[in-house]
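>>> Following is a predicted model, sequence given first.
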Amino acid sequence: MKIVGVETRLVDLPLPRPIGTAIHAIRSVGCVLLTLRTDEGITGESFVFTINGARLGAFDEMIRGLGELIIGRDPHDTGAIWGDLWKEINPTGHAGVTISAMSSLDIACWDIVGRAADLPLSKVFGACRKTIDTYASSGLWLDATLSELAAEATSFAEQGFTAVKLRIGNDNIDDDIARVRTIRAAIGDDVRLLIDANQKFVPKDAIRLGRRLDEFDITWFEEPVAVHDVRGCAEVRAALDIPVATGETEYTSRGIKRLLDARAADVVMPDLQRVGGYTEFRRSAALAAADDTPVSSHFFTEHSLCVAAATPNCISVEHVDWFAPLFSEPLELVDGRIVVPDRPGTGFTFR
């Protein structure tokens, strides 16, 4: 089997309403959809995205440019393809757009592997579960009022979610405390509550806030400080009883290893686009497992399921509904867990 075609398509998915975090103002997600075609008629699919479609053309150009290098290659040779592309991008750098492009090509190759074998990738990777824990992450944004937060959190619980994530990061810490208190009152004690600061704080302020949150039974405190401040994140983790989660903005297993070596996270969160696709996600998860650290995938709900289902130390996938319009197949939520599809490849196809 040989790859004979690399096709991309750019789409823009508007959100139901503009939303805000401590560092983002989001109106839409622009996506590059990738399809790899083979000489046997089997295709593989993947995608990358940018907030508000910013610089989407650069992602498209990089995917198509690197894609030319795998024409004629057997998509089953995922390890060799990944290694060759890693060498190729040395002059342009091992982070950012280059890794995103590599990730998309890697995922699409693996999708072909699963479809060619007529097996779900969860089985190809070595499945250890048929469902995976999740949390509602498509709401509870920083720009919502307290009444809007309470209504939305209640709605998530009624939909069957057993965990929700709240964005925090106000200039006044008391405002964040009020938001957490509102959500906890709305969902009760049986629904888990996660908080995400989106890198808002310096370590001292993150610690001050975290100590005041002890009474609310917080599952984890995500990205409390700037992504580059690994030492500061380790200081926050050491000072708090609340677990610290981070890693979504780290590139490849090297970035994840940096967090682990610094003891900066109780939970590491590889993002398929930034970590380097399935190949590097599995390497990153293995590093974390050797360090007795759990992982939880960031975004890419549909495409993360197969690798999460085959990763023993993966504790959850993030449920984000932004990309559902891309796919023909819906997600299935049962008792607060997502069912891993038994369809070939990733289990999802573009509409």
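Looks like it came in fine.

>>> what packs against the longest helix seen in the chain?
Longest helix in the chain, counting residues (DSSP state H): helix 97-117. The helices and strands touching helix 97-117, judged by 3 or more C-beta pairs under 8 Å, 6 or more residues apart in numbering; DSSP states H and E, are strand 25-38, strand 43-51, helix 56-67, helix 78-88, helix 121-125, helix 272-275, helix 277-290. Using the backbone N, CA and C atoms, a C-beta is placed for each residue, glycine as well.

>>> now that helix, how far from the chain's geometric center?
A distance of 16 Å separates the centroid of the chain from that of helix 97-117, by C-alpha atoms, centre = their mean, to the nearest Å.

>>> Just the buried positions in that helix, please.
For helix 97-117, the neighbour count (16 or more other C-beta atoms under 10 Å) marks 97-116 as buried.

>>> could you say which helix or strand contains residue 189?
Assigned by DSSP states H and E, residue 189 falls within no helix or strand.

>>> picking up where we left off before, tell me which of the helices and strands packed on helix 97-117 is the most buried.
Burial of the helices and strands packed on helix 97-117 is given as mean neighbour count (mean count of other C-beta atoms under 10 Å); helix 272-275 ranks first at a mean of 26.

>>> Can you tell me what sits against that one?
Helix 272-275 is contacted from outside by 48-49, 99-100, 103-104, 107, 248-253, 255-256, 278, 281, 284, 297-300, 303-304, 307, using C-beta atoms under 8 Å, 6 or more residues apart in numbering.

>>> Please apply the same query to stretch 118-133.
Stretch 118-133 is touched from outside by 110-111, 113-114, 117, 162-163, 278, 282, 305-312, 314-317, 334, 336-347, with contacts defined as C-beta under 8 Å, 6+ apart.

>>> One more pass at 7 Å, please.
Contacts to stretch 118-133, defined as C-beta atoms under 7 Å, 6 or more residues apart in numbering, come from residues 110, 113-114, 117, 282, 305-310, 312, 315-317, 334, 337-347.

>>> among these, which are in strands?
If you go by DSSP state E, the contacts of stretch 118-133 have 315, 316, 317, 334, 337, 338, 339 in strands.

>>> Domains in the chain, by residue range?
Domain ranges of the chain: 3-117, 123-339, per automatic domain parsing.

>>> Including distance to residue 175 and mean pLDDT, could the helices and strands packed on helix 97-117 go into JSON lines?
As requested, the helices and strands packed on helix 97-117 are arranged in JSON lines below (distance: least, C-beta to C-beta, whole Å; pLDDT from 0 to 100):
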{"stretch": "strand 25-38", "distance to residue 175": "18", "mean pLDDT": "96"}
{"stretch": "strand 43-51", "distance to residue 175": "24", "mean pLDDT": "97"}
{"stretch": "helix 56-67", "distance to residue 175": "34", "mean pLDDT": "97"}
{"stretch": "helix 78-88", "distance to residue 175": "44", "mean pLDDT": "97"}
{"stretch": "helix 121-125", "distance to residue 175": "42", "mean pLDDT": "98"}
{"stretch": "helix 272-275", "distance to residue 175": "30", "mean pLDDT": "98"}
{"stretch": "helix 277-290", "distance to residue 175": "34", "mean pLDDT": "98"}
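
>>> Of the ones you listed, which is nearest residue 14?
Among the helices and strands packed on helix 97-117, strand 25-38 comes nearest to residue 14, with 4.5 Å by C-beta to C-beta.

>>> about what we covered before: just the buried members of the contacts of stretch 118-133?
When the contacts of stretch 118-133 are checked for burial by 16+ other C-beta under 10 Å, the buried set is 110, 113-114, 282, 305-310, 316-317, 337-341, 343-347.

>>> hang on, the earlier thing: export the ones in strands among the contacts of stretch 118-133 to TSV and tack on distance to residue 174 and pLDDT?
Below are these laid out as TSV (distance: C-beta to C-beta, whole Å; pLDDT from 0 to 100):
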residue	distance to residue 174	pLDDT
315	31	98
316	30	98
317	33	98
334	39	96
337	35	97
338	36	98
339	41	98
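
>>> Would you mind giving those residues as JSON lines with distance to residue 184 added?
Converted to JSON lines, the ones in strands among the contacts of stretch 118-133 look like this (distance: C-beta to C-beta, whole Å):
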{"residue": "315", "distance to residue 184": "21"}
{"residue": "316", "distance to residue 184": "20"}
{"residue": "317", "distance to residue 184": "23"}
{"residue": "334", "distance to residue 184": "25"}
{"residue": "337", "distance to residue 184": "22"}
{"residue": "338", "distance to residue 184": "24"}
{"residue": "339", "distance to residue 184": "28"}
